[in-house]
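*Asks:* Whatever this is, show me its structure:
(4 chains)
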2 protein chains.
Amino acid sequence: MSDASNPSLSRRERERRMRRRAMLDAASAVFAEKGFEQAPLDEIAERAEFGKGTIYNYFEEGKEGLLFALFDEAYDDLQALIRSNFEEAGDRSFRASFHNFVVESFTYYEEREDLFLNLIKESQRLCFSDDPEKTEYFRRQQQRTIEALASAVEAAAEEGDISPLPTRSVTYMLLEVVYDLIVHRSLNEHRDTTDATCLADVSLLHDAEAAADFLTTLLFDGLETRRDDSM
Amino acid sequence: MSDASNPSLSRRERERRMRRRAMLDAASAVFAEKGFEQAPLDEIAERAEFGKGTIYNYFEEGKEGLLFALFDEAYDDLQALIRSNFEEAGDRSFRASFHNFVVESFTYYEEREDLFLNLIKESQRLCFSDDPEKTEYFRRQQQRTIEALASAVEAAAEEGDISPLPTRSVTYMLLEVVYDLIVHRSLNEHRDTTDATCLADVSLLHDAEAAADFLTTLLFDGLETRRDDSM
DNA sequence: TCAGAATATGACTAATTAGTCATCATTTGA
DNA sequence: TCAAATGATGACTAATTAGTCATATTCTGA
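*Replies:* Numbering: from 1, shown residues only, chains lettered A, B, ... in the order given. Next comes the predicted model:
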């Protein structure tokens, strides 16, 4: 849709999309560095090599339009990642799909670090904003994200692969714990202190496989010692 | 320490603390309503019925000083809540302590809604700030919070009550899932739409016991169907 | 080639607000 | 009582910056 190099478009349209992309990339970098509210639009314009006024030709809503266009990308990617792991899971177990989803989420974060950082830093504030347009935006995106995973959770419960807990509650928690782990990882990267003391097992922070193993074990096997293991 | 009505203090000191408290309460309300960066100090002063300059006599760092004094309170309360549930657990099981901790966390959130909202809305942005003083503040508070719970997790693992997963990783996840559930709850309260669609089981959002049951079951029993249940 | 459409530009305006400090009010203790 | 210290005040300053728009530039199709 926004692929700037799509050859089926006129040069005019291709160039328009390339400029839009340059503006979004510049905005993502400046927002990630200074935070949305402290990021001057002039700096975004300068980094993208445009005049400030030009940005308003591409994003009528100005700074906020840029931010929400970035959020659109992040949510689209996340929802696509969920679908590719769970809806097209083939004959993998739900547990294996989840494990793979965690690994791929880590990879995605590495590829789009700035974008993800903007979501982390700004979304909670906006979720609780007084502007109903903004809260509605997040309600819809979160709803769509949950629905993308909920059908797979429901199917797994019907197959008897997982316990019959409330589907959407389980779905919500699965998504949150992955998010939490990625936040934790990027936080420890941001604090480049020598001691990454919060998660003592340092490998969880650098090795996506180790992190996925931990999360999957915790969530699927549970914390409590299993009696059938003890004999 | 900051108890404004402590009779062992001089009137002068008691009054000073009452004024400080009034300023913090006003700040908490205005921050919660408008967000820290959009909250004018004049409005805080007006609501607390002081001149703006007076606030600087009580909080040298101005607006930011108010915010971090509020964070201090939130973290102190949270750490006290953890200690009262886990360190002074008596002969309750770790699982029962956790269950009770979830219930009391919900209660705490209801009592200090504004304060908690400020933590939700502002902490991520500040955690990832460029100012090393701010990042260090959160690193220390989060470290202290984890340590408050880690010893109980370790003891439970040694007793064989929970699986021997990495202590601090487990501790971190336990705290995060409780936090997530409270955020979810306050988000659905904030969105006073008729359909609280995200967690289909609506009771999880209003009934602290039901929420604690769900979280405890999910984390301790695990998602995967247990074989020893099936016969 | 060129008229006119489309697009880019950045100086400017208007609004906001954090923090200061000269001044005024109150309290203290001798 | 009153002089000195302590505390409160809010008008003011200085800095920031979002969004506008008159002008300049580039592109398009005839």
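
*Asks:* do you know how far the residue of chain A found nearest chain B is from DNA strand C?
*Replies:* Of all residues in chain A, the one sitting closest to chain B is A:Gly222 (2.5 Å; CB to the nearest CB). The way it works is simple: take the backbone N, C-alpha and C, and place the C-beta from them, glycine included. Distance of A:Gly222 to DNA strand C, computed by CB to the nearest atom of the strand, to the nearest Å: 48 Å.

*Asks:* buried ones in the helix-or-strand element of chain A with minimal mean pLDDT?
*Replies:* Here the helix or strand of chain A ranked lowest by mean pLDDT, DSSP states H and E is helix A:203-206, holding a mean of 77. Residues A:Leu204, A:Leu205 are the ones in helix A:203-206 that count as buried (16 or more other CB atoms under 10 Å in any protein chain shown).

*Asks:* just stretch A:87-102 next, same as before
*Replies:* Those would be A:Ala89, A:Phe94, A:Arg95, A:Ser97, A:Phe98, A:His99, A:Asn100, A:Phe101, A:Val102, for stretch A:87-102 by 16+ other CB under 10 Å.

*Asks:* Check stretch A:132-140 too.
*Replies:* In terms of neighbour count (16+ other CB under 10 Å), stretch A:132-140 has its buried residues at A:Lys134, A:Thr135, A:Tyr137, A:Phe138, A:Arg139.

*Asks:* if we can go back for a sec, and the pLDDT at the residue of chain A closest to chain B?
*Replies:* With respect to pLDDT, A:Gly222 scores 96.

*Asks:* Neighbours of it, how many?
*Replies:* Neighbour count for A:Gly222, taken as other CB atoms under 10 Å in any protein chain shown: 21.

*Asks:* hang on, isn't it packed against B:Thr216?
*Replies:* No - in this structure, A:Gly222 is not within contact of B:Thr216 by CB atoms under 8 Å, at 10.2 Å.

*Asks:* thinking again about what came up before, and the residue of chain A closest to chain B, how far is that from B:Arg17?
*Replies:* Applying CB to CB, to the nearest Å, the value for A:Gly222 to B:Arg17 is 47 Å.

*Asks:* domains in chain A, as residue ranges please.
*Replies:* Following automatic domain parsing, one gets these domains for chain A: A:1-60, A:67-222.

*Asks:* What pLDDT does the model give A:Arg226?
*Replies:* 69.

*Asks:* thinking again about what came up before, out of the buried residues of stretch A:132-140, the closest to A:Leu181 would be?
*Replies:* Comparing these against A:Leu181 with CB to CB places A:Phe138 closest, at 21.0 Å.

*Asks:* The closest one sits in which helix or strand?
*Replies:* In this structure, A:Phe138 is located in helix A:132-159 according to DSSP states H and E.

*Asks:* Excluding chain neighbours, what is closest to A:Glu61?
*Replies:* A:Phe68 (7.4 Å; CB to CB, 6 or more residues apart in numbering or on different chains).

*Asks:* That neighbour and DNA strand D, how far apart?
*Replies:* According to CB to the nearest atom of the strand, A:Phe68 and DNA strand D sit 12 Å apart.

*Asks:* Could you do A:Phe36 as well?
*Replies:* Distance of A:Phe36 to DNA strand D, computed by CB to the nearest atom of the strand: 9 Å.

*Asks:* my guess is that residue is in a strand, correct?
*Replies:* No - counting by DSSP: H, G, I helix; E, B strand; the rest coil, A:Phe36 is not found in a strand; it is coil.

*Asks:* Which pLDDT value belongs to the closest residue to it other than its chain neighbours?
*Replies:* Counting by CB to CB, 6+ apart, the nearest residue to A:Phe36 once its immediate chain neighbours are dropped is A:Glu122, at 5.1 Å. Note for A:Glu122: predicted pLDDT of 98.

*Asks:* what's the answer for A:Glu15, then?
*Replies:* You'll see A:Glu15 listed with a pLDDT of 89.

*Asks:* what's it in contact with, if anything?
*Replies:* Not one residue lies near A:Glu15 by CB atoms under 8 Å, 6 or more residues apart in numbering or on different chains.

*Asks:* how far out from the middle of the chain is whichever strand or helix holds A:Glu189?
*Replies:* According to DSSP H and E, A:Glu189 maps onto helix A:167-190. Chain-centre distance of helix A:167-190: 10 Å, with CA atoms, centre = their mean, to the nearest Å.

*Asks:* Low-confidence stretches in chain A?
*Replies:* Within chain A, the stretches with pLDDT under 70 are A:1-9, A:193-202, A:226-231.

*Asks:* All the strands of it, in order from the start?
*Replies:* For chain A, applying DSSP state E gives no strands.

*Asks:* Tell me the residues of it that contact DNA strand D?
*Replies:* Applying CB under 7 Å from any atom of the strand, we find that chain A lies next to DNA strand D at A:11-12, A:38-42, A:52-53, A:56, A:62-64.

*Asks:* Can you list which of those are found in helices?
*Replies:* Among the residues of chain A next to DNA strand D, the members falling in helices (DSSP state H) are A:Arg11, A:Arg12, A:Leu41, A:Asp42, A:Lys52, A:Gly53, A:Tyr56, A:Gly62, A:Lys63, A:Glu64.

*Asks:* Select only the buried ones of those in PyMOL?
*Replies:* Selection command for PyMOL covering only the buried members of those, criterion 16+ other CB under 10 Å:
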select buried, chain A and resi 41+63
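
*Asks:* which of the domains of chain A sits most buried?
*Replies:* Across those, the average number of neighbours (mean count of other CB atoms under 10 Å in any protein chain shown) peaks for domain A:67-222, which reaches a mean of 18.

*Asks:* so how far is that one off the chain centroid?
*Replies:* How far domain A:67-222 lies from its chain's middle: 7 Å, per CA atoms, centre = their mean.

*Asks:* Could you tell me the end-to-end distance of that domain?
*Replies:* Using CA to CA, to the nearest Å, one end of domain A:67-222 lies 38 Å from the other.

*Asks:* Distance check, A:Ser151 against A:Phe138.
*Replies:* 22 Å.

*Asks:* Kindly report the same for A:Ala152.
*Replies:* Taken as CB to CB, the span from A:Ala152 to A:Phe138 is 23 Å.

*Asks:* In contact with the residue nearest to A:Phe36, which residues?
*Replies:* Counting by CB under 8 Å, 6+ apart, A:Glu122 touches A:Phe31, A:Gly35, A:Phe36, A:Leu67, B:Arg125.
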